[in-house]
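Visitor: sequence plus predicted model, see below.
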Amino acid sequence: TGVVPFVALLLLQRRPVAGRALLVTGSGCPSHGLCRSNVQEQTRRQVAVLNATAQELFSLYLKCQGEPFSSESDKLCNPAGIFFPAFRVNRTTERKEVMVAMYKLFAFLNASLGNITRDQEELNPLAKELLERLHNTTKTTRGLISNLTCLLCKNYNIFQVDVRYGDSSKGKSAFKKKQQGCQVLRKYVQVIGQAARVLLPHLSPS
């Protein structure tokens with residue numbers, strides 16, 4: 001597996017990449033010009049927004065898929081069989097480890113949202129509210145990735161992370177596309193709350 005620079009990752013987030021985490025420190029970080037002056041507060045707001053809107057996005061997604069997803073979501077959307085980045089950090093974990101775990105989580109999520117949005121544009125092109133929420137969530141996630149990139153470089157001189165992405169839904173049946181989307185979004189609802197609880201204290205003003 002390769003180690004992909006952050007800037008390249010931002011361009012390749014829809015490409016499935018598998019591998020273990022690998023941190024590199026050194027002189028390769030871009031200039032701090034990447035960082036906004038309020039990057040920490042902006043990151044807090046982005047995580048809070050994603051946490052506050054995740055359940056609504058999942059519920060709207062289920063509604064737009066119709067039956068059997070509306071009535072059998074517990075069975076069909078069980079995320080046990082899909083890959084999702086492990087998130088084994090808590091409030092006592094070192095801040096650097098938290099930031100790396102967050103980066104891997106949201107890079108994966110951004111790629112998954114791209115797959116889900118593409119599928120919904122094909123399967124439910126008239127579901128304007130759902131598509132708008134997917135686009136808004138993706139936009140927030142991309143901004144968050146940019147800010148995490150900055151914080152990792154600026155605070156820890158970490159500029160490369162090997163990220164694993166989930167399977168693409170291309171070529172799958174309509175049912176499988178819908179199911180993969182609901183599995184990812186169900187897991188997202190479960191994880192984003194934990195991520196917010198862990199990350200927000202690390203981003204509180206000193």
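Guide: Perfect, I can see it now.

Visitor: name the helix or strand for the residue nearest to residue 36 when sequence neighbours are not counted, please.
Guide: Counting by Cβ to Cβ, 6 or more residues apart in numbering, residue 36 lies nearest to residue 42, which is 6.4 Å off, once chain neighbours are set aside. Quick note: C-beta positions are derived from backbone N, CA and C, even for glycine. Here residue 42 sits within helix 39-65, counting by DSSP states H and E.

Visitor: could you pull out the buried residues of the helix or strand following that helix?
Guide: On the C-terminal side of helix 39-65, the nearest following helix or strand under DSSP H and E is helix 73-76. If you call a residue buried by 16 or more other Cβ atoms under 10 Å, then helix 73-76 has these buried ones: 73, 76.

Visitor: contact partners of helix 73-76?
Guide: Applying Cβ atoms under 8 Å, 6 or more residues apart in numbering, the contact partners of helix 73-76 are 62, 68-69, 179, 182, 186.

Visitor: how far off centre is that helix?
Guide: The chain centroid and the centroid of helix 73-76 are separated by 22 Å under Cα atoms, centre = their mean, to the nearest Å.

Visitor: next one: stretch 140-159
Guide: For stretch 140-159, the distance between its averaged C-alpha position and the chain's averaged C-alpha position is 13 Å (Cα atoms, centre = their mean).

Visitor: tabulate the CA atom coordinates of it in PDB.
Guide: This file holds the C-alpha atoms of stretch 140-159, laid out as PDB (Å, rounded to 0.1, in the frame of the first residue of the first chain):
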ATOM      1  CA  THR A 140     -19.000  20.100   5.700                       C
ATOM      2  CA  THR A 141     -17.000  16.900   5.700                       C
ATOM      3  CA  ARG A 142     -14.500  18.200   3.100                       C
ATOM      4  CA  GLY A 143     -14.000  21.400   5.200                       C
ATOM      5  CA  LEU A 144     -13.400  19.300   8.300                       C
ATOM      6  CA  ILE A 145     -10.800  17.200   6.500                       C
ATOM      7  CA  SER A 146      -9.000  20.400   5.400                       C
ATOM      8  CA  ASN A 147      -9.000  21.700   8.900                       C
ATOM      9  CA  LEU A 148      -7.800  18.400  10.400                       C
ATOM     10  CA  THR A 149      -5.000  18.300   7.800                       C
ATOM     11  CA  CYS A 150      -4.000  21.800   8.900                       C
ATOM     12  CA  LEU A 151      -4.000  20.900  12.600                       C
ATOM     13  CA  LEU A 152      -2.000  17.700  12.100                       C
ATOM     14  CA  CYS A 153       0.600  19.500  10.100                       C
ATOM     15  CA  LYS A 154       0.800  22.600  12.300                       C
ATOM     16  CA  ASN A 155       0.700  20.900  15.700                       C
ATOM     17  CA  TYR A 156       2.400  17.500  15.000                       C
ATOM     18  CA  ASN A 157       4.200  17.900  11.700                       C
ATOM     19  CA  ILE A 158       2.300  14.900  10.400                       C
ATOM     20  CA  PHE A 159       1.700  15.200   6.700                       C
END
